[in-house]
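Participant: everything below, folded, please.
(4 chains)
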Protein chains: 2
Amino acid sequence: MGDRRQEILDAALAIADEKGLPSVTMRAVAERVGVTPMALYPHVGDKDGLLDGMLGRLLGRLRIADDGDWRQRLAVLARAMRALAREHPGATSLLFARPTVSPDAVRVVDAIYSALLEAGVPPADVPRIERLASTLILGFAVSEASGRFGTGTLNQRARRGQLPDCDLPGHHALAETLDAEVDWSAEFEADLADITTLIESYARR
Amino acid sequence: MGDRRQEILDAALAIADEKGLPSVTMRAVAERVGVTPMALYPHVGDKDGLLDGMLGRLLGRLRIADDGDWRQRLAVLARAMRALAREHPGATSLLFARPTVSPDAVRVVDAIYSALLEAGVPPADVPRIERLASTLILGFAVSEASGRFGTGTLNQRARRGQLPDCDLPGHHALAETLDAEVDWSAEFEADLADITTLIESYARR
DNA sequence: CGTTGGTGATCTACGTTGTATAGATCTACA
DNA sequence: TGTAGATCTATACAACGTAGATCACCAACG
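Facilitator: Next up, the predicted model:
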């Protein structure tokens, strides 16, 4: 029974990957599964249920390492999350759109709790630091996948050309830096390093 | 001409605030403005254009302080962003959903650039730190508005009850901490302080 | 063997959505 | 007075999510 459900969710994810989230309609998913639209309802309940299920399936794919130092575990988890977002850019935007409390999501949160505790963060600070870290990691992944970070050099140039320069002193001062291409993987690693040092600073109290 | 457009966008924002984003339909907005649905099209172009316009109007409301120390300016901007998100929770979810490059958005980015430069962050690091800070601030605002952070104590209890405790060592170890109510304003200020110290650490190189 | 219950898929239909297209109305200037 | 441009309206259509009724199957029991 859960077998069919997985099949449906995977079909929905595939459609989102290929043609974008708006193309994920009950009819399209049904056709892909080889079934009538109404046949989906016993399995996912609802269109919203389908989207929630997609998100759950996404988080379910996250492999949670349980070996190694807390730094390694955190890094592995973060990189896996980003990889997932790049693999499924369409579905990634759901991460900030709906408040999922699926078992898979809780499992991920728990892994971060454990890492923070092992690092030595005071228990009273752990929930907040977890939210900070996951917001940053998820935010990065979603921003990268949804294009919020800008789609490259072209965009940067267009940005500056679009408005009178005199109104944008910051952009003006950074002109040459902004024209350089961004290595997003390097940026992600740098952010991860910043999170790690932040955690270490909390552990030293 | 832009007058009518503003009126339309404000009507759409009002509907989103009152009845949620899914209730923002062309017909509902038109009725609120006192006009036929098709009359909206010359002004917003499209349904997506309407949503983009709503986001732009939101960012346009952000007052950007130009007096005071960079710390103060950053803090004022961040708090204004959060206040805006709490005022318009429905429209806030658009922030991570669509890659807006409106003049207003660029203005905000530029304000952060200026603050970072004044703080003494090396120019090569400024764009990344800006993305880090804005991702965190926006992520917090969106998470709070959309309920991703969990809706309170009830939710935390439900979370732990939902799964076998043995599988969740982190939650188990933090049991009493997780039952405490969260002061979201205090958490936001703490995050803001963490961002500030991070910026200072980059300025010291 | 026939009957029964329950599980899942199907068929049809309805209201709502975004929007293409064509026509109506008003303003301003010659 | 007439004409061009801008703005709103009327009508229509395809696609969407899904309620409701029906139907096919298949194990279990008499």
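
Participant: only C-alpha atoms from now on, for both contacts and neighbour counts.
Facilitator: Noted.

Participant: residues making contact with the one helix or strand residue A:18 maps to?
Facilitator: Residue A:18 belongs to helix A:2-19 when assigned by DSSP states H and E. Helix A:2-19 has contacts (C-alpha atoms under 8 Å, 6 or more residues apart in numbering or on different chains) with A:21-24, A:29-30, A:32-33, A:40, A:43-44, A:50, A:53-54, A:57, A:87-91.

Participant: now, which of those lie close to DNA strand C?
Facilitator: A:40, A:43 (C-alpha under 7 Å from any atom of the strand).

Participant: return only those of the contacts of helix A:2-19 found close to chain B.
Facilitator: Among the contacts of helix A:2-19, not one lies near chain B by C-alpha under 8 Å from any C-alpha of the partner chain.

Participant: sorry, back to before: just checking, next helix/strand downstream of the helix holding residue A:18?
Facilitator: Counting by DSSP H and E, what follows helix A:2-19 is helix A:26-33.

Participant: following the chain onward from that next one, which element is next?
Facilitator: Beyond helix A:26-33 toward the C-terminal end (DSSP H and E), the next one is helix A:41-44.

Participant: can you name the residues in contact with that following helix?
Facilitator: Contacts for helix A:41-44 (C-alpha under 8 Å, 6+ apart): A:2, A:4-5, A:50, A:53.

Participant: then it to PDB, C-alphas only?
Facilitator: Output in PDB follows, covering the C-alpha atoms of helix A:41-44 (Å, rounded to 0.1, in the frame of the first residue of the first chain):
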ATOM      1  CA  TYR A  41      -6.600  10.500  -3.400                       C
ATOM      2  CA  PRO A  42      -6.600   7.400  -1.200                       C
ATOM      3  CA  HIS A  43      -2.800   7.500  -1.200                       C
ATOM      4  CA  VAL A  44      -2.000  11.200  -0.700                       C
END
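
Participant: any residue of the helix holding residue A:18 up close to DNA strand D?
Facilitator: No. Helix A:2-19 is not in contact with DNA strand D by C-alpha under 7 Å from any atom of the strand; minimum separation 10.8 Å.

Participant: what residues of that helix count as buried?
Facilitator: For helix A:2-19, burial by neighbour count (16 or more other C-alpha atoms under 10 Å in any protein chain shown) applies to A:5-6, A:8-17.

Participant: then stretch A:37-46?
Facilitator: For stretch A:37-46, the neighbour count (16+ other C-alpha under 10 Å) marks A:40, A:43-44 as buried.

Participant: could you look up the SS state of residue A:66?
Facilitator: When classified by DSSP: H, G, I helix; E, B strand; the rest coil, residue A:66 comes out as coil.

Participant: dihedrals phi and psi, it?
Facilitator: phi -120, psi 20 (degrees, to the nearest 10).

Participant: count the neighbours of the closest residue to it other than its chain neighbours for me.
Facilitator: The shortest distance from residue A:66 to any non-neighbouring residue, by C-alpha to C-alpha, 6 or more residues apart in numbering or on different chains, is to residue A:73 (6.9 Å). Neighbours of residue A:73 under the rule other C-alpha atoms under 10 Å in any protein chain shown: 19.

Participant: residues in contact with the helix or strand that residue A:73 is a member of?
Facilitator: Using DSSP H and E, residue A:73 maps to helix A:70-87. With contact meaning C-alpha under 8 Å, 6+ apart, helix A:70-87 is reached by A:17, A:58, A:62-67, A:91-92, A:112, A:115-116, A:118-119, A:137-138, A:140-142, A:144-145, A:192, A:196.

Participant: could you do stretch A:112-122 as well?
Facilitator: By C-alpha under 8 Å, 6+ apart, stretch A:112-122 touches A:70-71, A:73-74, A:123, A:126-127, A:130, A:199-200, A:202-205, B:169-171.

Participant: from the residues you listed, which would you call buried?
Facilitator: For the contacts of stretch A:112-122, buried by 16+ other C-alpha under 10 Å: A:70-71, A:73-74, A:123, A:126-127, A:130, A:199-200, A:202-203, B:170-171.

Participant: farthest pair in those?
Facilitator: A:200 and B:171 (20.8 Å; C-alpha to C-alpha).

Participant: now do residue A:106, the pLDDT please.
Facilitator: Here the pLDDT value assigned to residue A:106 is 90.

Participant: OK, contacts around residue A:138?
Facilitator: Residue A:138 is in contact with A:81-82, A:95, counting by C-alpha under 8 Å, 6+ apart.

Participant: want to throw these into CSV with pLDDT?
Facilitator: Converted to CSV, those look like this (pLDDT from 0 to 100):
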residue, pLDDT
A:81, 97
A:82, 98
A:95, 93
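
Participant: residue B:108: which of the residues you listed is nearest?
Facilitator: residue A:95 (24.2 Å).

Participant: now the residue lying closest to that closest one once chain neighbours are set aside: how far from DNA strand C?
Facilitator: Sequence neighbours aside, residue A:55 is the residue nearest to residue A:95 in space, at 7.1 Å (criterion: C-alpha to C-alpha, 6+ apart). Distance, residue A:55 to DNA strand C, by C-alpha to the nearest atom of the strand, to the nearest Å: 21 Å.

Participant: helix or strand for residue A:55, which one?
Facilitator: helix A:47-61.

Participant: what packs against that helix?
Facilitator: helix A:2-19, helix A:89-92, helix A:103-119 (3 or more C-alpha pairs under 8 Å, 6 or more residues apart in numbering or on different chains; DSSP states H and E).

Participant: gap between residue A:112 and residue A:79?
Facilitator: Distance, residue A:112 to residue A:79, using C-alpha to C-alpha, to the nearest Å: 13 Å.
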